[in-house]
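*Asks:* sequence and predicted model, in that order:
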Amino acid sequence: MTEEIKKAIYSYNIENSKLEDETKLLKETILHLKKEIDRLRQAPLLVAEIKEVLGDTAILHLKTGNEFYVNISKDVIGLQPGDAVLVEQKNLNIVKKINGSSSFGVEKFVIMEKPNIDWSDVGGLKDTIRELQEVIELPLTKPELFEKVGIQPPKGILLHGPPGTGKTLLAKAVASATKSTFIEIVGSELVQKFIGEGAKIVKEIFQLAKQKAPAIVFIDEIDALASKRIEQGTSGEREVQRTFMQLLAELDGFKPLGNVKLIATTNRKDILDPAIIRPGRLDRLIHVKNPDFEGIKQIFKIHTKKMNLDKKIDFEKIYKLIQKEEFSGAEIHSIATESGYNAIRKKRSKIIEKDLVEAIKKVKEDEEKEKRHEMFF
Ligand SMILES: Nc1ncnc2c1ncn2[C@@H]1O[C@H](COP(=O)(O)OP(=O)(O)OP(=O)(O)O)[C@@H](O)[C@H]1O
Ligand SMILES: [Mg+2]
């Protein structure tokens, strides 16, 4: 009898501990599900942007345009102005930083590429090329040379000169030679297309450049934002001024031997605000001119390299005709293309001298038309 009771007790005990285990498991499940319900019941978080960080508090910028002074949760560290964050709806406490430092995505607004332009693709401009190699290429590829000698290369340069002389081409050639990322933005777009965002875009472009370094930031038509003619009258002008100030601030923050450089271009050096070309900023000005005779020859050869030219052409005569008109590199390129069209029209596959002479005439007429147009508008 006692033996039987003992057995029964024993099996009860086993059963009991089994049930206890099961209860524990079920309790845990309930807890987990309760937590999940709580999580799902939570109010959605708002996405906002940090404007300024002040210790464990920050100034927050909401998409609505409103700004708030809020607390940062202890779990959130390393916040910076411009970061996208999640905030609680009720009190706007910052609870999480969203991956990626910016929600803005400046990449959408700029052209970013790794150009493939060799120095040999640039005709003439021998001195200009040498200068670019010395002041941009060498400091980027061999900074230690400059450290040893103890001189500081320019942070950036300004290429100025008439249209079509190869300024953009040169900038891309520098980027290729230094295997740099080429980040291009057009000054007039910066102030017209992205109203209210100019300064922010400038800031983010330089952040992007640092991420993608070595990089060359290329600002075409810089006169659109760095013109001394801009007065502070309208809000549009103030916005241009803000964008310009941001650009100066970025340049001042550059290290001369850092691996980000600025190349800017203009056709209107005369209207530039002197602040941009002050020492320590774009203090190297390079004048890019229309080609001389040797330059004409080289540019012509570059753009007719793959063309089927008649051997009987008197090339010296063609070069002289081009020289007489003071054509730019871009116009010499047009002459080459135009001569090809002339041959096609005559159902020839070879370009003869006459095709070139006529092409020169046409490009000259186009230029004159353009000039007349400019006079009227
Ligand atoms: N020195 C050159 N050597 C070879 N090609 C040239 C040269 N200059 C101009 N070109 C030709 O003309 C095109 C336009 O040149 P580019 O865009 O560099 O001119 P730009 O000086 O930047 O003009 P803009 O002031 O109008 O921006 C080039 O893509 C190239 O085909
Ligand atoms: Mg250009």
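*Replies:* That came in fine, so what should we check first? Ligands and ions are numbered 1, 2, ... in the order given.
*Asks:* would you state the strands of the stretch 1-150 of the chain in chain order?
*Replies:* 46-54, 57-62, 67-71, 84-87, 94-97, 111-113 (DSSP state E, counting those that start in this stretch).
*Asks:* mean confidence score for the longest one?
*Replies:* Strand 46-54 shows a mean pLDDT of 88.
*Asks:* do the same with the shortest one
*Replies:* Confidence over strand 111-113 (mean pLDDT, whole number) is 88.
*Asks:* what comes up buried for that strand?
*Replies:* Met112 (16 or more other CB atoms under 10 Å). No exception for glycine: its C-beta is placed from N, CA and C like everyone else's.
*Asks:* what about the helices in the protein?
*Replies:* Assigned by DSSP state H, the chain shows helices spanning 2-41, 126-132, 138-141, 143-149, 167-177, 187-192, 198-211, 235-253, 293-304, 315-325, 329-345, 353-376.
*Asks:* of those helices, which stretch is the most buried?
*Replies:* When the helices of the chain are scored by mean count of other CB atoms under 10 Å, the highest mean neighbour count falls to helix 167-177 (a mean of 23).
*Asks:* distance from the chain centre to that one, please.
*Replies:* Distance, stretch centre to chain centre, for helix 167-177: 14 Å (CA atoms, centre = their mean, to the nearest Å).
*Asks:* with stretch 318-331 instead?
*Replies:* So, by CA atoms, centre = their mean, the centroid of stretch 318-331 is 34 Å from its chain's centroid.
*Asks:* on that earlier part again, now render the helices of the chain as JSON lines, adding mean pLDDT and distance to ligand 2.
*Replies:* Shown next, in JSON lines, are those (pLDDT from 0 to 100; distance: least, CB to the ion, whole Å):
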{"stretch": "helix 2-41", "mean pLDDT": "90", "distance to ligand 2": "55"}
{"stretch": "helix 126-132", "mean pLDDT": "95", "distance to ligand 2": "14"}
{"stretch": "helix 138-141", "mean pLDDT": "93", "distance to ligand 2": "21"}
{"stretch": "helix 143-149", "mean pLDDT": "92", "distance to ligand 2": "28"}
{"stretch": "helix 167-177", "mean pLDDT": "96", "distance to ligand 2": "3"}
{"stretch": "helix 187-192", "mean pLDDT": "82", "distance to ligand 2": "11"}
{"stretch": "helix 198-211", "mean pLDDT": "90", "distance to ligand 2": "18"}
{"stretch": "helix 235-253", "mean pLDDT": "87", "distance to ligand 2": "18"}
{"stretch": "helix 293-304", "mean pLDDT": "97", "distance to ligand 2": "15"}
{"stretch": "helix 315-325", "mean pLDDT": "96", "distance to ligand 2": "21"}
{"stretch": "helix 329-345", "mean pLDDT": "96", "distance to ligand 2": "9"}
{"stretch": "helix 353-376", "mean pLDDT": "89", "distance to ligand 2": "16"}
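*Asks:* and Gly78, which of these is closest to it?
*Replies:* helix 198-211 (15.1 Å; CB to CB).
*Asks:* what angle do that closest one and helix 235-253 make?
*Replies:* Angle, helix 198-211 to helix 235-253, by axes from the mean of the first three to the mean of the last three CA atoms, to 10 degrees: 30 degrees.
*Asks:* just want the angle from helix 198-211 to strand 46-54.
*Replies:* 80 degrees.
*Asks:* how about the CA coordinates for helix 198-211, as CSV?
*Replies:* Taking Å, rounded to 0.1, in the frame of the first residue of the first chain, the C-alpha atoms of helix 198-211 are listed here in CSV:
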residue,chain,number,x,y,z
GLY,A,198,20.5,76.3,-52.1
ALA,A,199,22.5,76.7,-49.0
LYS,A,200,21.5,73.2,-47.8
ILE,A,201,22.4,71.7,-51.2
VAL,A,202,25.9,73.4,-51.1
LYS,A,203,26.5,72.0,-47.6
GLU,A,204,25.4,68.5,-48.6
ILE,A,205,27.4,68.5,-51.8
PHE,A,206,30.6,69.0,-49.8
GLN,A,207,29.5,66.3,-47.3
LEU,A,208,29.0,64.0,-50.3
ALA,A,209,32.3,65.0,-51.7
LYS,A,210,34.0,64.0,-48.5
GLN,A,211,32.3,60.6,-48.5
